[in-house]
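# with the sequence up front, the predicted model follows.
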Amino acid sequence: MKRIGIIMSFVFVLGMMFSCTKTESQFIDEKTPNERYSEFITEVRAILQSSEYGWIGMLRTPRNDKGFSVFMDFKEDNRVVMYSDFNTTTSNTPKESSFGFRNTGIPSLIFDTYNYIHLLADPNSDINSGTSGSGLYADFEFSIRKVSADTIVLRGNLNNNDFLLVRLKQDEKDKLVNGVLTDDINLFQNYFASAENNYIELNIDGESRKLAIDYVDNRGVAFQVMEGSKIVSFAGPLYYALNEIKLGKENTYKGVTFVRAYFKEVDKLFIVDDAGKEYEVLAASSPIIPLPPFLDSFGDGKRYYSAEFRPNTANAYFQPIWNAIQNESITKADRHIGYLRMSLLTDGQLYIRIYRYAAGAGTTGSASFSRLYYNPVNNSDGSVSYTYIATGSDGGASSSALRSTSLELEAFLRDNKFVWDWKNKTMTEGGLFVIDANGEKTGVALTGILGTS
Amino acid sequence: MKKYLIIGTLFFFVLLNGCRKAEDLTNQVDRLDFIGDQFALNGAIDEWLYEKFTQPYNIRVQYKWDRSEVDLSKTITPIDEEKVRPLAEYILKYYLEPYAAEAGEFFIKKYPAKQYLFVGSAEHNSNGTVTLGSADKGRKVVLYRLNEIDPNNWSAVERMLKTVHHEFAHILDQNRRITAEYGLLNKADYVEDLWPNLTDQQALDLGFITRYAGSEPSEDFAEMVAVLLLYGQEFFDSQVALANANGRAKIKQKEDMVVEYFSSQWGINFRSLQQRIADLKPEVPPTPLPDFLDTFGEGKSYTYLQFESAEYSDEFQAIWDDIKNETVVEVDRHIAYMRLYVLATGQLQVRVYRYPAGSGQTGSVTYSSLYFDVATDTDDIVTFTYATSGSSAALRTNSDNLVNFITGHKFVWSWKDSDLTHGGLYVVDNNGERTGVSLVGEPRS
């Protein structure tokens, strides 16, 4: 009996303990998720709309490391007006659309009808030169990551694009409305198009280093620097802003982050780092980062077997030679000459194939070719010339006629001194460059797109 | 024992009362609001859509982006607001209103999909095709690639409307099936995902009105309905005529089944519906031609109009003959052709070209010019007054008929036809209507 009493008392105490263990609130700051979401969105909306002159947005598409600026002015009733550096129309013409907020697990800002920002994401590759079906892998739905009065950090929900909004000032807005962005695009892109061997000089730990600069597709900057014998590369997007380009934070070397570039004077570009230090962009006469020797990659058994010369890549000097070949060496009826390929055989012989296609068929359909062989003559200055040895046939028609009709080519190869070299820094084209008595390239060359057959 | 009773009672009392806290539990099952404010209304468009679609037809047209409504794995972009109303108007006019008129109010409120989703880009598929529309369980129709449709370009609009009719045919079929015999006609010929490999001719020869119809019976049916209703009987028949005997027979059989299906299953007179839609279609493509003078004139794409005798309208032939016979002031030369220029000053320059006699248009050429001042009224009607002749004074005296023609009429500059290969000056009457007389040549640069 006494035991029953003890048990009952125990149960009673237990009942007391458990019946009231509920906590007063399960919510952070005593607010439901919806309440916190609403408050947050209200705050973000207020900040976005508080900028009288709008925002400059810098969108980086990580799959291709391109940068685009999208200027946004957020209005009442979920309206937004955009400009963009996408092209010289979008940079000059305001376009209005809608935006909204949505809770996608994290509060998100969504541009829910089409505007300039969607041009980048459009799966129609005709619009943005991206991938068909995917565009530039760009976003228009963004998680709101960090918010301050002047800066809003966003991250794309689908493609992880970084999108940074920075408050615009009145003078910047005035420039935007007055077409300065369009002028910038033209100015910078013209400069990029003619820029060659650009670099800046940087002092790291008391040692001067040259950083070679390439402008990638007008949408990014790629740097290269020699560290001993090693080439170090880094690259990041660029954004056309107002009288300057802004550089993405990826453009950082040894703790120095390059944040923008501007023309201090006509054609004098300066890059500025995050400490405000300016570096003038200079042009060297030859590449800052030497390319590997061409003949390490070109020749029988090497990475590239042939260089394919097509007439539309002819320089003025070579055009008459090409015309001579094209007009005369067609030994089969109803065929025309499409292109020629140069190869270097293991014994140093130069081997040229001239490809013929069916008339009117461009370079499609079955090809036949005739062969020309040349012996190398190594000159004392290290250059090379080539002398004619023989023709071969393509197994069908005789190509003995080729010799007599390629005399201009023969003379060109025999009477000039050449060096083999790359044509471009991306090392996709190369061939024979004529040099003068001082060993300098004359600008005359027989080059082509490198291939393996 | 009594003691235990007291303890027991106390225990139940505690159990009963331990939780009688005045607590609002609803707050704790607060459902997350995933919608946010993304459907914030844009006054004009949304009000119009509500009035034209939601109220009369129970249809919600959703054009604002909602990722959850489309394939999450695809890159798709939203529609441009500017396209929404013009395209929605076409859907009303060419789809909802004709069906409402033929099938009645109850039908049109019940069967059309309750949600229309407008999407800007296409949906790209892994087989290289793009999806232009989809119908989801009869409840939702998605129309893609609307940003690429110029609402003034009828052939582009027509493709969209065909998709609308195609998707609605699916809904009808999902509610009341077309007879199974329909699918059996081509049982062995359907190729599912391989339909892009079919050529138009192969599809027709197999008995499919379009290539896509070759994918499966339900698509075949939807394509038949859409082509018949929207592209019309004339187009349909012209396609059928291209098919071989086998294809022709099968397509015509299926056409009969479609007509019978609408009648027996829905009480709809298919031919009447078809005619109703045909009557709505614009007679000529509504696409406006570009302004002629946008591309013609000094410094523009085309700098002169070339007049060869074969291109003159009959009315002008006599004038041309006059010029030809009379204005030759150099011995042993003949007049070959004439060119019209609009100079930067706005003046019209007429040049008559002469070549050595008997040598066609080869050898050295000489020419004489006439200049006219121009006046343009608000309706772009131009009139000319003679200004001067160039170096060759004789031309003026010998070209009265030409001068009278140019100064004696009102003209508009225009293209001859939509392929924009010929154009020139068209005589108009006092009401601004074209009289049929014209001076039309080939624009060249």
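Okay, I see it.
# could I get the full set of strands for the stretch 201-350 of chain B?
Taking DSSP state E, counting those that start in this stretch as the test, the strands found in the stretch 201-350 of chain B are B:304-307, B:333-342, B:348-356.
# kindly report the same for the stretch 1-150 of chain B.
Listed in chain order, the strands of the stretch 1-150 of chain B (DSSP E, counting those that start in this stretch) span residues B:60-62, B:115-118, B:123-124, B:130-131, B:133-136, B:140-143.
# and the fifth one, what other elements does it pack with?
The criterion is 3 or more Cβ pairs under 8 Å, 6 or more residues apart in numbering or on different chains; DSSP states H and E, and the helices and strands that strand B:133-136 contacts are strand B:140-143, helix B:154-175. For every residue, glycine as well, the C-beta is placed using N, CA and C.
# SS state for residue A:158?
Classification of residue A:158 by DSSP: H, G, I helix; E, B strand; the rest coil places it in coil.
# that one and residue A:143 touch, don't they?
No: if you go by Cβ atoms under 8 Å, residue A:158 and residue A:143 don't touch, sitting 10.6 Å apart.
# next, work out how far apart residue A:176 and residue A:169 are.
The gap separating residue A:176 from residue A:169 is 11 Å, by Cβ to Cβ, to the nearest Å.
# which one's more surrounded, the two?
Looking at residue A:176 and residue A:169 with other Cβ atoms under 10 Å in any protein chain shown, you find the greater number of neighbours at residue A:176, namely 23 against 14.
# would you confirm that the more buried one belongs to a strand?
No: counting by three-state DSSP, residue A:176 is not part of a strand but helix.
# on the three-state scheme, residue A:53 is what?
Here residue A:53 is recorded as coil under three-state DSSP.
# again with the one 4 residues further on
Three-state call for residue A:57 (three-state DSSP): strand.
# need the helices for the stretch 1-150 of chain A, in chain order.
Here the stretch 1-150 of chain A has its helices, by DSSP state H, counting those that start in this stretch, at A:2-18, A:33-50, A:116-121, A:125-128.
# worst average pLDDT in those?
Lowest mean pLDDT of these: helix A:2-18, a mean of 63.
# list the residue ranges of the stretch 251-400 of chain A that fall below the pLDDT cut-off.
Scanning the stretch 251-400 of chain A for pLDDT under 70 picks out A:312-316, A:326-334, A:360-361, A:393-400.
# can you rerun that using 80?
For the stretch 251-400 of chain A, the stretches flagged by pLDDT under 80 are A:311-320, A:322-337, A:356, A:358-370, A:391-400.
# which single residue of it approaches chain B most closely?
Across the stretch 251-400 of chain A, no residue is closer to chain B than residue A:364, which sits at 20.2 Å (Cβ to the nearest Cβ).
# if we ignore the residues flanking it in sequence, what's nearest that residue?
Distances taken as Cβ to Cβ, 6 or more residues apart in numbering or on different chains place residue A:357 nearest to residue A:364, at 6.9 Å, with adjacent residues excluded.
# could the strands of the stretch 201-350 of chain B go into TSV alongside mean neighbour count?
Listed next are these as TSV, based on neighbours: other Cβ atoms under 10 Å in any protein chain shown:
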stretch	mean neighbour count
strand B:304-307	21
strand B:333-342	19
strand B:348-356	20
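# put together TSV for those, with distance to chain A on each row.
Listed next are the strands of the stretch 201-350 of chain B as TSV, based on distance: least, Cβ to the nearest Cβ, whole Å:
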stretch	distance to chain A
strand B:304-307	28
strand B:333-342	28
strand B:348-356	31
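# out of those, which gets nearest to residue B:440?
When the strands of the stretch 201-350 of chain B are compared by Cβ to Cβ, strand B:304-307 sits nearest residue B:440, at 8.1 Å.
# picking up where we left off before, any idea how far the residue of the stretch 251-400 of chain A closest to chain B lies from residue A:72?
Separation of residue A:364 from residue A:72 (Cβ to Cβ): 48 Å.
# same drill for the two, tell me which one is more crowded.
With neighbours defined as other Cβ under 10 Å, residue A:364 and residue A:72 compare such that residue A:72 has more, 22 against 9.
# give me the beta-bridge partners of that one?
When bridges are called by DSSP bridges, residue A:72 pairs up with residue A:55, residue A:82.
# now the residue nearest to residue A:364: how far from residue A:366?
Residue A:357 sits 8 Å away from residue A:366, going by Cβ to Cβ.
# more neighbours: which of those two?
Set residue A:357 next to residue A:366 and count neighbours by other Cβ under 10 Å: residue A:357 wins out with 18 against 9.
# what helix or strand is residue A:325 on?
Using DSSP states H and E, residue A:325 falls within helix A:319-328.
# domains of chain B?
B:43-280, B:292-444 (automatic domain parsing).
# figure out how far the shortest one is from the centre of its chain.
Centroid separation for domain B:292-444 versus its chain: 36 Å, with Cα atoms, centre = their mean, to the nearest Å.
# repeat that for the first one.
Between the mean C-alpha point of domain B:43-280 and the mean C-alpha point of its chain there is a distance of 15 Å (Cα atoms, centre = their mean).
# where's the residue of the stretch 251-400 of chain A closest to chain B, which helix or strand?
Using DSSP H and E, residue A:364 is not contained in any helix or strand.
# for the one 10 residues further on, same thing?
Using DSSP H and E, residue A:374 maps to strand A:368-378.
# how about residues contacting the helix or strand following that strand?
Using DSSP H and E, the helix or strand that follows strand A:368-378 towards the C-terminus is strand A:384-392. Residues from elsewhere that reach strand A:384-392, judged by Cβ atoms under 8 Å, 6 or more residues apart in numbering or on different chains: A:349-350, A:370-379, A:399-400, A:402-403, A:410, A:413-420.
# strand A:384-392 vs strand A:368-378, what angle?
Using axes from the mean of the first three to the mean of the last three Cα atoms, to 10 degrees, the direction of strand A:384-392 lies 150 degrees away from that of strand A:368-378.
# so for strand A:384-392, what gets flagged as buried?
Buried residues in strand A:384-392, counting neighbours by 16 or more other Cβ atoms under 10 Å in any protein chain shown, are found at A:384-386, A:388, A:391.
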